[in-house]
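**Q** structural data only, the sequence is not supplied:
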């Protein structure tokens, strides 16, 4: 059941009028076909032709002209400080999404990655906030993290 009409199109920039917001975590901002709910509790259907990273869009325009902003939700994160270039290299080598800022790196809580970083001398601090990591290669797309349950005895084509 939906309270609002379905999606007409994704918006690249803020329209003149904003009618509400949809708050989504990092995983929730990757959609194809899904019922989403606004911060005000009203539902609508998103049915896109392919899986889409909503980080690349400002928001939604629904069939009745309603415009909704996409807002990153607060998530449990780890603030990483220390030798940032070296630590960023190791995070990237594990294909772990990472938000890069001037004085820190942010990753989602992950005990395996945290243990590796601690061994490398990183200072780690749990925080809560929106997670908006760097895009994939060439500045778009997503970095897909590895499942820590499998062996890393495989080859990467770069």
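**A** Looks like it came in fine. The shown structure was predicted, so the numbers you read here are calculated from the model rather than taken from an experiment.

**Q** quick one, longest strand in the chain?
**A** Determined from DSSP state E, the single longest strand within the chain is strand 43-53.

**Q** pLDDT on that strand, on average?
**A** On average, the pLDDT along strand 43-53 is 94.

**Q** can you list the strands that that strand pairs with?
**A** strand 30-37 (antiparallel) (DSSP bridges).

**Q** count of neighbours near residue 40?
**A** By the measure other C-beta atoms under 10 Å, the count of residues near residue 40 is 11. (C-beta placed from N, C-alpha, C; glycine too.)

**Q** got a list of what the closest residue to it other than its chain neighbours touches?
**A** Nearest non-adjacent residue to residue 40, counting by C-beta to C-beta, 6 or more residues apart in numbering: residue 20, 5.5 Å away. Going by C-beta atoms under 8 Å, 6 or more residues apart in numbering, residue 20 touches 38, 39, 40, 42, 66, 68, 69.

**Q** can you put these in a markdown table and add secondary structure and distance to residue 53?
**A** A markdown table is the format used below for the contacts of residue 20 (DSSP: H, G, I helix; E, B strand; the rest coil; distance: C-beta to C-beta, whole Å):
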| residue | secondary structure | distance to residue 53 |
| --- | --- | --- |
| 38 | coil | 20 |
| 39 | coil | 21 |
| 40 | coil | 25 |
| 42 | coil | 24 |
| 66 | coil | 22 |
| 68 | strand | 17 |
| 69 | strand | 16 |
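
**Q** the nearest residue to residue 74 once chain neighbours are set aside bridge partners, please.
**A** Excluding its sequence neighbours, the residue lying closest to residue 74 (C-beta to C-beta, 6+ apart) is residue 128, at 5.1 Å. Residue 128 forms beta bridges with residue 76, as assigned by DSSP bridges.

**Q** list phi and psi for the residue nearest the centre of the chain.
**A** The C-alpha lying nearest the average C-alpha coordinate of the chain belongs to residue 26 (C-alpha atoms, centre = their mean; 2.9 Å). Here is the backbone geometry of residue 26 (degrees, to the nearest 10): phi -60, psi -50.
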